[in-house]
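[1] Sequence and predicted structure, then a few things I'm wondering about:
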Protein chains: 2
Amino acid sequence: MNYKITLDSDEVPKQWYNILADLPTPLPEPKNSEGKNQIADLQKAFTKAGLEQEFATDRYIKIPQEVRELYMQMGRPSPLYRATRLEKFLNTPAKIYYKREDTSPTGSHKLNSAIPQAYFAKKEGVERLTTETGAGQWGTALSLACNMLDIECTVYMVKVSFNQKPDRKNIMNIYNGNVFASPSENTEIGRQILKENPDHPGSLGVAISEAMEEALLNENVKYSLGSVLNHVMLHQTIIGQELKAQLEKAEEEPDVMIACAGGGSNLAGSLFPFIKDKIDGNSDTEFIAVEPSACPTLTEGSYDYDFGDVNGFTPMLKMFTLGHDFVAPSVHAGGLRYHGMSPIVSLLTKEGYISPRAVHQKDVFDAGITFARCEGIVPAPETTHAIRATIDEALKCKQTGEEKTIVMNFSGHGMLDLKGYASYFEGTMQNAK
Amino acid sequence: MNYKITLDSDEVPKQWYNILADLPTPLPEPKNSEGKNQIADLQKAFTKAGLEQEFATDRYIKIPQEVRELYMQMGRPSPLYRATRLEKFLNTPAKIYYKREDTSPTGSHKLNSAIPQAYFAKKEGVERLTTETGAGQWGTALSLACNMLDIECTVYMVKVSFNQKPDRKNIMNIYNGNVFASPSENTEIGRQILKENPDHPGSLGVAISEAMEEALLNENVKYSLGSVLNHVMLHQTIIGQELKAQLEKAEEEPDVMIACAGGGSNLAGSLFPFIKDKIDGNSDTEFIAVEPSACPTLTEGSYDYDFGDVNGFTPMLKMFTLGHDFVAPSVHAGGLRYHGMSPIVSLLTKEGYISPRAVHQKDVFDAGITFARCEGIVPAPETTHAIRATIDEALKCKQTGEEKTIVMNFSGHGMLDLKGYASYFEGTMQNAK
């Protein structure tokens, strides 16, 4: 049998799929908070193309040929694998497939949006992109993309992560990214914070402020985000479109599709092209978004207007949120600790198209280790959330005897985030909630 | 154009290629040193299948179907990529292809031999395999393979590496391997050394002795090696046979083929099926083995009988050697610090079929970073040696205008060995020699 379904380079999709054209109810617009004009600021900080795509209503948006070539050169289409050893281990009648975004050179799906963002920036004459990074996946991808497009990249990395994860800084340097521990001396806000407290540990909010300050003060500098926003979800739909072609090749119809959700981008990318069919009434696939119980945005948050960042620097977005001042307990899945959620993913969850599920930290590492021992690949802590739900669904099939086809998005590998596994084996891992 | 050449699962070769059937002169036999009987010891330590394959003379040896399935389940055949961005950056008329052994779940080619070794051990009723590991790639692969075949795995890791590389221990634990810092309390020799010096830093020689002691004293325990020996070279030929099919698909004839060489296994695996054609008089491809100038076994060693290990524990093998008491200066490519070389690779070098080349540490990291910035993938320190020679050959083509086809084996990724890159950027990297 064929354990993997590959596509040739020239089968990389020619268009991104824009779900804004198909939403069951209109997406609420971003708004300013009272007396402020964050929308205007944000518009100044982003590239023109990013803003255009953010509000575009065309169902399909052409992928520029140069971007397609870069996708191909970076190994796309990514392969789809059948998890036969895991199926056997679980003794389930279910069939389990996983789409391998870990095969990207930077180890996750993030490059899918980093490449077009760097491409459009270059085309608009931008000389440098700035961004923030927490866990490090986004900063890594943007560093590589900017280097390929021959523009500079500045990454503000939360100081405490910067110090704990020297390998992350290291790999961004390999890709020619300039990485600074935030707060830094580069910006007004950084200097101010350091003056008050030279040992400030940093936060994602501060890092965002630093990255945005640079973009607001310098004409040739733009700010770039790796999740949450509509145009990022759009770019990621390359995953789901490939996946459709691969499942057709395998003659499979998915009964359940699963992805982890932090800001929403790997979920949107892999599932939106399938959710379209459900909106159109042509599918009864179940879509599951998996989040940590320590940061239960979709399962326990409220659907409301809130800031995208901790400081109230951004416009207000209608989304599921735990409150912009929510501080998630320290968990190893740094990419799933966001208080909010992509407005589109939020709306689709509100409307019942996506079923959210929260899982505990020890249980996800259990699942991740089971997966690694069966299938070989060590998942990123974020990805273990999707694996937990996949295993749980497969075990349900074992009970009911149903031969469901379960498809999950394997968002990234764990090679640079093995500390969580160490604490699991040392017995020091906590279920944060 | 197609940037990658993939093969389906069922295109995994059905046989290993055994170059012992085709060598231009017979391979000198291992021998005992005076007054000792190391051959008998070694025979007791290894599995029957391993010993049989070590001296087999059939040109092709059938791969058991269970092993083929495991190769497939672990993602084989591995893809072949065209390095178009690197070609453009170098402005060379040469075409550059690289075979991606880094796509193995454990990140290198090592699983290709770990799987059959664990399979044959299981078949013979062995309950546990022991091995030593320096850099960690082999211990990682054997841990996963043993777990898949449901036998135990004990890895003796040189204590100083054990302490410096917690992520390596960690990933072996994920794969259910039992990793001990060597010297350990598990063995007579370990206890003796620790009694004399509780802070002994360990060495590969001590780790080998511990792993072998366990195999010699316990009937159900066997010892396993990840390079140097003929049967390991044999298993690795899965790489070169896939590569042949892929180059045919791409309608390419290689002019130059390149691999790095430590013990010889990734080189043997990728090149032997092509060297056969040269022995047969049907090819004039040039084959280049690349080693660190800090450990110049093939370029400066002598072709002589020597021990495989530092302590004189193993039989004597006829090979290129720097002397079994040679201590290579500390370089970041831990997998290329071996004093000897596969006897077969040594013979083929002696006979002029393989051209050896030594390269300096800073130059290889230069090449590795250039590669990562062009092609995205961060190479293992060992692999950067092959990249250096590939770039040098491509630059020669730029001078001469020759449109050569250069094919290299990309033996592994560097995600768990990023420290070398850090010292490169910090400016503390030395050219050891």
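    Yes, it's here. A quick note: this is a predicted structure, and the numbers were derived from the prediction, not measured. Numbers count the residues shown, from 1 in each chain, chains lettered A, B, ... in the order given.
[2] Chain B contacts on the stretch 151-300 of chain A?
    A:166-167, A:170-171, A:173-176 (Cβ under 8 Å from any Cβ of the partner chain). (Each C-beta comes from the backbone N, C-alpha and C, glycine too.)
[3] try 6 Å this time
    By Cβ under 6 Å from any Cβ of the partner chain, the residues of the stretch 151-300 of chain A that approach chain B are A:167, A:170, A:173-174, A:176.
[4] ok, and the closest non-adjacent residue to the spatially most central residue of chain A?
    Closest to where the C-alpha atoms of chain A average out (Cα atoms, centre = their mean) is residue A:265, at 3.7 Å. Nearest residue to residue A:265 in three dimensions, chain neighbours excluded: residue A:227, at 4.3 Å (Cβ to Cβ, 6 or more residues apart in numbering or on different chains).
[5] I'd assumed residue A:268 was in contact with that neighbour.
    No - here residue A:227 lies out of contact with residue A:268, judged by Cβ atoms under 6 Å, at a distance of 9.0 Å.
[6] between the two, which one's more packed in?
    Legend: neighbour count by other Cβ atoms under 10 Å in any protein chain shown for residue A:227 and residue A:268, higher for residue A:268 (32 against 23).
[7] so which strand or helix has that one?
    Following DSSP states H and E, one finds residue A:268 within helix A:265-279.
[8] in that helix, what counts as buried?
    Across helix A:265-279, burial judged by 16 or more other Cβ atoms under 10 Å in any protein chain shown covers A:265-276, A:278-279.
[9] And the residue of the stretch 251-400 of chain A that's closest to chain B?
    Nearest residue of the stretch 251-400 of chain A to chain B: residue A:376, at 2.9 Å (Cβ to the nearest Cβ).
[10] And the stretch 51-200 of chain A, by the same measure?
    For the stretch 51-200 of chain A, Cβ to the nearest Cβ, closest residue to chain B: residue A:105, 2.9 Å.
[11] Under the pLDDT cut-off, which ranges of chain A? List them.
    Flagging of chain A using pLDDT under 70 yields the residue ranges A:432-433.
[12] mind giving me the domain split of it?
    Split into domains by automatic domain parsing, chain A comes to A:4-8+A:76-107+A:237-426, A:14-35+A:43-64+A:110-230.
[13] got those as a markdown table, with distance to residue B:346 columns?
    Output for those, formatted as a markdown table (distance: least, Cβ to Cβ, whole Å):
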| stretch | distance to residue B:346 |
| --- | --- |
| domain A:4-8+A:76-107+A:237-426 | 33 |
| domain A:14-35+A:43-64+A:110-230 | 34 |
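[14] Just the helices from the stretch 301-433 of chain A, written as ranges.
    Using DSSP state H, counting those that start in this stretch, the helices of the stretch 301-433 of chain A run over A:343-350, A:361-375, A:381-400, A:419-426.
[15] Could you look up the SS state of residue A:162?
    Following DSSP: H, G, I helix; E, B strand; the rest coil, the label given to residue A:162 is helix.
[16] that older thread, ranking the residues of the stretch 151-300 of chain A next to chain B by neighbours, who comes first?
    Neighbour-wise, those (other Cβ under 10 Å) top out at residue A:174, 26 neighbours.
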